[in-house]
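Undergrad: model this:
(one chain, ligands or ions: 1)
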Amino acid sequence: MNFVTRPGRVGIMGGTFDPIHYGHLVTAEAARWEFALEKVIFVPSGRPPHKKDYPVTDAEYRYQMTLLATASNPYFEVSRCEIDREGFSYTVETVAEFRREYGPEVQLYFITGADAILEILTWKDVDRLLRECQFIAATRPGFHLNRLEESRPQLPVEGRHRIHLIEVPALAISSTDIRWRVKNKKPIKYLLPEAVEEYIRSRGLYRPRLDGVYEKG
Ligand code: NAP
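TA: As a prediction, the model looks like this:
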């Protein structure tokens, strides 16, 4: 763990980002710093396989918000790979795309929420995934660490030590809460970048409709 950026270590920040907020940005920067990543590529999910039955905001809106939120950090990039790929967004396919692009030598780190990683045994081709990349599971201090540790022995032996934990106090902010706040006309200022707040307002995202589905603007 050090501050020196090492070429050959790339972070892939996976999430629905519905919407992206400061918790995600602080997580990406903390992971970059702690794991000496040369950059972090944000990958908004296209069609999340585990959210078939939930309303998820149109991918283009989530992509645009991610671009706006990350624009000021020269170490951050945004990829459309899951949005442009046909079918469900399986992480194993995303990681394979980055492996093809960056070559066999690069070390890939998939960064996401610890809650999501708790379900990793249900993900497509988990053995291959754990061979291809390491994981950085982000959580609020003290939250769910025990559950993640308890599930570690169930992972393939060679993958058990390829999941790292980071504690990020800013993850008290959550996308679910922000959507609820917009729907209930509560303030979201200081929870996400102003440009994203303005984008949500101008497109009318997360406002309730009579049928209970979120408006897309
Ligand atoms: P989720 O289930 O909506 O989120 C679980 C928790 O993790 C929430 O508290 C969420 O907070 C947080 N979280 C999500 N992404 C985060 C990030 N990048 N940094 C910090 N916290 C984060 O998770 P999801 O967004 O749908 O999925 C996360 C990633 O796992 C995505 O890249 C997804 O494609 C991948 N995944 C893959 C498979 C598969 O390949 N079969 C299955 C499931 C998930 P917020 O709601 O505030 O973001």
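Undergrad: what's the least confident helix or strand in the chain by mean pLDDT packed up against?
TA: Least confident helix or strand, the chain: helix 145-151 with a mean of 74, by mean pLDDT, DSSP states H and E. On a contact count with 3 or more C-beta pairs under 8 Å, 6 or more residues apart in numbering; DSSP states H and E, helix 145-151 meets helix 114-117, strand 134-139, strand 163-167. From N, CA and C alone the C-beta is placed, and that goes for glycine too.
Undergrad: Lys183 is nearest to which of the ones you listed?
TA: Nearest to Lys183 among these is helix 114-117; the distance by C-beta to C-beta comes to 21.8 Å.
Undergrad: picking up where we left off before, ranking the helices and strands packed on helix 145-151 by burial, who's on top?
TA: strand 134-139 (a mean of 23; mean count of other C-beta atoms under 10 Å).
Undergrad: what inclination does that one have with respect to strand 163-167?
TA: Angle, strand 134-139 to strand 163-167, by axes from the mean of the first three to the mean of the last three C-alpha atoms, to 10 degrees: 30 degrees.
Undergrad: so what touches strand 134-139?
TA: Here strand 134-139 makes contact (C-beta atoms under 8 Å, 6 or more residues apart in numbering) with 11, 27, 30-31, 35, 107-115, 117, 120, 145, 148, 162-168, 171.
Undergrad: go on, stretch 53-69?
TA: Stretch 53-69 has contacts (C-beta under 8 Å, 6+ apart) with 16-20, 24-25, 42, 44-48, 78, 80, 82-83, 192-193, 195-196, 199-200, 203, 205-206, 213-214, 216-217.
Undergrad: recalculate using a threshold of 7 Å.
TA: For stretch 53-69, the surrounding residues in contact (C-beta atoms under 7 Å, 6 or more residues apart in numbering) are 16-20, 25, 42, 44, 46, 48, 78, 80, 83, 192-193, 195-196, 199, 203, 205, 213-214, 216.
Undergrad: near the ligand, which of those residues show up?
TA: Subset of the contacts of stretch 53-69 in contact with the ligand: Thr16, Pro48, counting by C-beta under 6 Å from any ligand atom.
Undergrad: among the contacts of stretch 53-69, which are in strands?
TA: Applying DSSP state E to the contacts of stretch 53-69, the entries found in strands are Phe42, Pro44, Val78.
Undergrad: identify the residue spatially nearest to the closest residue to the ligand within the chain, adjacent ones excluded.
TA: Using C-beta to the nearest ligand atom, the single residue of the chain nearest to the ligand is Gly113, 1.9 Å away. Nearest residue to Gly113 in three dimensions, chain neighbours excluded: Ala138, at 5.8 Å (C-beta to C-beta, 6 or more residues apart in numbering).
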